[in-house]
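sequence first, predicted model second:
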Amino acid sequence: MTLRNNGLYIDRLSMNFGGVVVFEDISIEAPPSKVTACIGPNGAGKTTIINIVCGVFPPRAGKVYIDGVQLSGVRPFNTVRYGLCRSFQDVRIFPSLTAIENVLVAMPNHLSGLFLPGGWRQERANRERARHLLQAVALESAAERAAGELPFGQQKLLSLVRAIATGARVLLLDEPAAGLESDLIPHVVDLIRSLVKAEGRATFLVEHNIELVRQVADQICVLQAGRIIASGDVRRVLDDQTVIREYLGQVYNV
Amino acid sequence: MEHLLYIGTLIAVWTIVALAANLVIGYTGMMSMGQAAYLGVGAYVTATLNILLGVNFYLALLIGSIITAVVGAITLLPLLRIGGFYFALATLGINFVFFDFFHNLAPRVEGSEGLYGLQLPDLLASSAPRFATTVAVAIACALLCQAIVTSPLGRALRATRDRPDALAALGKDPRRYQVLIWTFAAGLTGLAGGLYAATLFYIDPTLFTLDASILVLVYIGVGGLASTTGSVLGVILLIAFNESLRFLGLPSQFVGPFQQAIYGLLLILLMIFRRRGLVGKYDFTE
C-alpha cells in the first residue's frame, strides 16, 4: 500500500484491551476537504481509534500518519501541535465561561495577549472570527451567556465550533449528533459542510446517525467485529446488501 | 491614630496575600491550604537578608519575592501528579513542612525563633508613610491581578479550573497555566511576607502556621471567589470586624479563641447560605 501524502492516514492498526481484541489490522484514509465517516455497532472500537490517534493509549501495532508524516509522541494535551483536534462524545465545555470565551480559549495565543499590543490585536481578530463561527451554528445570540446555562444541544454545537477554532488540519469528531434534538441536526450538517470541507480539513467522523452520515460524508468505513467489512463511497456502501444485513438491518429498512 | 494606621497597613498586606490566593484558588481552581508557607518564606528571606546580611530593604524584598516564587514552583511540581482532595491535603503538608523548617533553624541560625531589627527605608520606617506605601503596593497588585484575570490568560485560567482535560484537548496544556499562576501567586505572597515583616518589626514561626492559611481562605471565601473586589472586601471587612471585637471588653485570654470561633461560624454560615460569598463569581462546590 502506498503512503498517502495528505490528511489522516491510519495504517494497519491493531488494538486489544488485555485478551479482548478490539480491532485487527485496520487501515483508514481521511483526505483533506473530505468527511470520512466510521460507523459500526457499539463497542466496535470507533472511539478507540480516536483515542489511539490522540495518544490516550498506544496501539498494539500500526502507525498513524498526518500529511505523510508518521505521528510519534502525541499525548492528549499536545494533539493540536500535531494539527489534530478531537471532540468528545460527552460535551466537555467550560461551564463558567461564556459561549464566545469557550471558542476564544481554543484559539492560538494567550500569554502575549496580556501586555503586548500585538496580543490585543490578535485578540480582536480572534473575537471577530469567534463571532463568525458562532453565527454558523446560530449561537451568536448566546455568545455572552455562560456556556453551562445553555441547553445540551447548544453545548454540543459549541464544542464542535470550539474544536474547529483550534485551527487543526485534522478533526476527529466523536458522535457530534448524539443526543441532539432533530431540529439542531441541520446546524451540524451546515457546520461540517461549510467550515470543515470548505477550509480543507480532513475530518474523521464517528457517528450513529446514518441520515447525518448520508448528508455530510464523502466516504465511509463500516467497522464490525474488529474488521472493516465495507469502505468507499458513502452511497455505494450504505446501499450495500452486506452492510445492511450486518449492521444497518436493525435500524434501517430499505 | 497610630493604631488605625497599623490596622490599615495590615489590611493592605493581607489584601496582597488574598489577591494571590484568589488567583490560585478562585480563578485556577487549585485548592491551596498552605499559602502561609509562602508568606513565611518571603518574610524570612527578606528579614534575614536585611538584618543578618545588611542588604538594602527594597533589594531584600525583591530577592525575597523571587526566591518565594522559585520555592513555590519547586513545591508545586510534585503536587501536579495528584488531584482534587489530595492536592489540597498536600498543600496543607507544605505549610507544616515550612513551619517546622523555620522552627528547626533555631539552634543553627540566629534569630529564627524571633527575628527583629529590620533596617527600614524612610518610606517604611514610620507608620504614616508605611501605611501609604503598603496601600499603594496593594492597589498596584489589585490592578495587576485584575488585568490578568480579564485578559486572555485569565480566560485560560478559568478554563483550567472548569475542565482541564477539555483544555488539553484544545492544545493548551493546563499544567502550564497552573505552574505559571502558582509561581506568580507565590511571588506575590512572598512580597506580602516582606511587607508583613516590615509592619510587625518582628517575625517568628508561629505567624506562619495553618491558622494563617485558613485565615486567607476565610477572607477570600467571605468576599467571594474569582473576584478581585471580593478578595479586597473580604480582608477589609474581616480585619475591621476583628478589631471591633476589642470594644466588647472581653478578657484578653478569650479574644483569640473567640475570633477563631466567629471565623469558624462565618465559614459554616457561608457554606449553607451563600456559597459564592459576598460578590464571588465561582462556587467550588459546584
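Ah, there it is.

who are the contact partners of residue B:96?
Taking CB atoms under 8 Å, 6 or more residues apart in numbering or on different chains, we find residue B:96 in contact with residue B:210. Using the backbone N, CA and C atoms, a C-beta is placed for each residue, glycine as well.

residue in the stretch 1-150 of chain A nearest to chain B?
The nearest approach of the stretch 1-150 of chain A to chain B comes at residue A:80, 2.4 Å away (CB to the nearest CB).

which bits of the stretch 1-150 of chain B sit near chain A?
Contact residues (CB under 8 Å from any CB of the partner chain) of the stretch 1-150 of chain B with chain A: B:147, B:148.

apply 10 Å and report the result again.
By the rule CB under 10 Å from any CB of the partner chain, the part of the stretch 1-150 of chain B lying against chain A is B:29, B:147, B:148, B:150.

pretty sure the last one is touching residue B:144, no?
No - the pair formed by residue B:150 and residue B:144 falls short of the contact definition of CB atoms under 10 Å, at 11.2 Å.

who has more neighbours out of those two?
Per other CB atoms under 10 Å in any protein chain shown, whichever of residue B:150 and residue B:144 has more neighbours is residue B:144, with 15 against 12.

tell me the pLDDT at the more buried one?
pLDDT recorded at residue B:144 is 96.

helix or strand for it, just tell me which one.
Using DSSP states H and E, residue B:144 maps to helix B:127-150.

who does that helix touch, helix- and strand-wise?
Applying 3 or more CB pairs under 10 Å, 6 or more residues apart in numbering or on different chains; DSSP states H and E, one finds that helix B:127-150 contacts helix B:2-21, helix B:122-125, helix B:152-162, helix B:174-200, helix B:228-244.

mind putting the ones you listed in a markdown table, mean pLDDT included?
Formatted as a markdown table, the helices and strands packed on helix B:127-150 follow (pLDDT from 0 to 100):
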| stretch | mean pLDDT |
| --- | --- |
| helix B:2-21 | 96 |
| helix B:122-125 | 90 |
| helix B:152-162 | 93 |
| helix B:174-200 | 96 |
| helix B:228-244 | 91 |
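
now chain B against chain A: closest residue?
Taking CB to the nearest CB, chain A has its nearest neighbour within chain B at residue B:171, 2.4 Å off.

looking at this, that residue is in a helix?
No - secondary structure assignment (DSSP: H, G, I helix; E, B strand; the rest coil) places residue B:171 in coil, not in a helix.

pLDDT at the closest residue to it other than its chain neighbours, what is it?
Take residue B:171 and drop its neighbours on the chain: the residue closest to it by CB to CB, 6 or more residues apart in numbering or on different chains is residue A:80, 2.4 Å away. We have a pLDDT of 87 for residue A:80.

please give me every residue in contact with the most centrally placed residue in chain A.
The centre of chain A sits closest to residue A:173, judged by CA atoms, centre = their mean, with a distance of 1.8 Å. Listed by CB atoms under 10 Å, 6 or more residues apart in numbering or on different chains, the contact partners of residue A:173 are A:35, A:37, A:50, A:85-89, A:159-160, A:163-164, A:188, A:191-192, A:196, A:203-207, A:216.

among the residues you listed, which lie within strands?
Using DSSP state E, the members of the contacts of residue A:173 that fall within strands are A:35, A:37, A:85, A:86, A:203, A:204, A:205, A:206.

go through the residues you listed and name the one nearest residue A:99.
Nearest to residue A:99 among those is residue A:85, at 18.3 Å by CB to CB.

gap between the closest one and residue A:101?
Here the criterion is CB to CB, to the nearest Å. By it, residue A:85 lies 18 Å from residue A:101.

tell me what the helix or strand harbouring residue B:266 is packed against?
Using DSSP H and E, residue B:266 falls within helix B:252-273. Here helix B:252-273 touches helix B:210-223, helix B:228-244, going by 3+ CB pairs under 10 Å, 6+ apart.

hey, which of these is tucked in deepest?
Stretch with highest mean neighbour count among the helices and strands packed on helix B:252-273: helix B:210-223 (a mean of 23; mean count of other CB atoms under 10 Å in any protein chain shown).

can you pull out the strands in the stretch 101-250 of chain A?
All strands of the stretch 101-250 of chain A, identified by DSSP state E, counting those that start in this stretch, fall at A:170-174, A:202-206, A:219-224, A:227-233.

residue B:146: how many residues sit nearby?
If you count neighbours by other CB under 10 Å, residue B:146 ends up with 15.

wait, residue A:22
21.

helix/strand/coil for it?
Classification of residue A:22 by three-state DSSP places it in strand.

contacting residues around it?
Contacts of residue A:22 were listed using CB under 10 Å, 6+ apart, and they are A:13-16, A:43-46, A:48-49, A:52, A:59-60, A:223, A:226.

ChimeraX command to pick out the buried ones of these?
ChimeraX command restricting these to the buried ones, with burial defined by 16 or more other CB atoms under 10 Å in any protein chain shown:
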select /A:13,15,44,45,46,48,49,52,59,223,226
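
so which of the contacts of residue A:22 comes closest to residue A:235?
Checking those against residue A:235 by CB to CB gives residue A:223 as the nearest, at 18.7 Å.

that closest one and chain B, how far apart?
Distance of residue A:223 to chain B, computed by CB to the nearest CB, to the nearest Å: 23 Å.

where does pLDDT dip in the chain?
Since no chain was named, I'll use chain A. The model of chain A has pLDDT under 70 over residues A:1-5, A:109-115, A:248-254.

oops, I was thinking of chain B
Residue ranges of chain B with pLDDT under 70: B:106-113, B:284-286.

tell me who's in contact with the residue most central in space within it.
By CA atoms, centre = their mean, chain B has its centre lying nearest to residue B:17, at 2.7 Å. Contact partners of residue B:17, counting by CB under 10 Å, 6+ apart, are B:35-36, B:38-39, B:42, B:138, B:141, B:185, B:188-189, B:191-193, B:195-196, B:212-213, B:215-216, B:219-220, B:231, B:235.

so how far is residue B:41 from it?
From residue B:17 across to residue B:41, the span is 13 Å (CB to CB).

any shared contact partners between those two?
Common neighbours of residue B:17 and residue B:41, using CB under 10 Å, 6+ apart, are B:189, B:193.

helices along the stretch 1-150 of chain A, start to end?
Under the criterion DSSP state H, counting those that start in this stretch, helices of the stretch 1-150 of chain A are mapped to A:46-53, A:99-104, A:117-136.

so which of these gets nearest residue A:168?
For those, the distance to residue A:168 is smallest for helix A:46-53, at 11.7 Å, taking CB to CB.

quick one: list the elements packing against the closest one.
If contacts are counted by 3+ CB pairs under 10 Å, 6+ apart, helix A:46-53 sits against strand A:8-17, strand A:20-30, strand A:35-39, strand A:61-66, strand A:84-86, strand A:170-174, strand A:202-206, strand A:219-224.

let me have those in CSV, adding distance to residue A:149 as columns.
As requested, the helices and strands packed on helix A:46-53 are exported to CSV (distance: least, CB to CB, whole Å):
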stretch, distance to residue A:149
strand A:8-17, 35
strand A:20-30, 35
strand A:35-39, 31
strand A:61-66, 37
strand A:84-86, 25
strand A:170-174, 24
strand A:202-206, 28
strand A:219-224, 37
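
I figured residue B:63 hits residue B:190, correct?
Yes - in this structure residue B:63 lies within contact range of residue B:190 using CB under 10 Å: 9.5 Å.

higher neighbour count, those two?
It is residue B:190, of residue B:63 and residue B:190, that has more neighbours when counted by other CB under 10 Å, with 33 against 18.

that one: what's it in contact with?
So residue B:190 contacts B:16, B:20, B:38-46, B:61-72 (CB under 10 Å, 6+ apart).

apply 7 Å and report the result again.
Residue B:190 is in contact with B:38, B:41, B:42, B:64, B:65, B:67, B:68, B:69, counting by CB atoms under 7 Å, 6 or more residues apart in numbering or on different chains.

leaving out chain neighbours, which residue sits closest to the second one?
Spelled out, that is residue B:41. Take residue B:41 and drop its neighbours on the chain: the residue closest to it by CB to CB, 6+ apart is residue B:68, 4.6 Å away.
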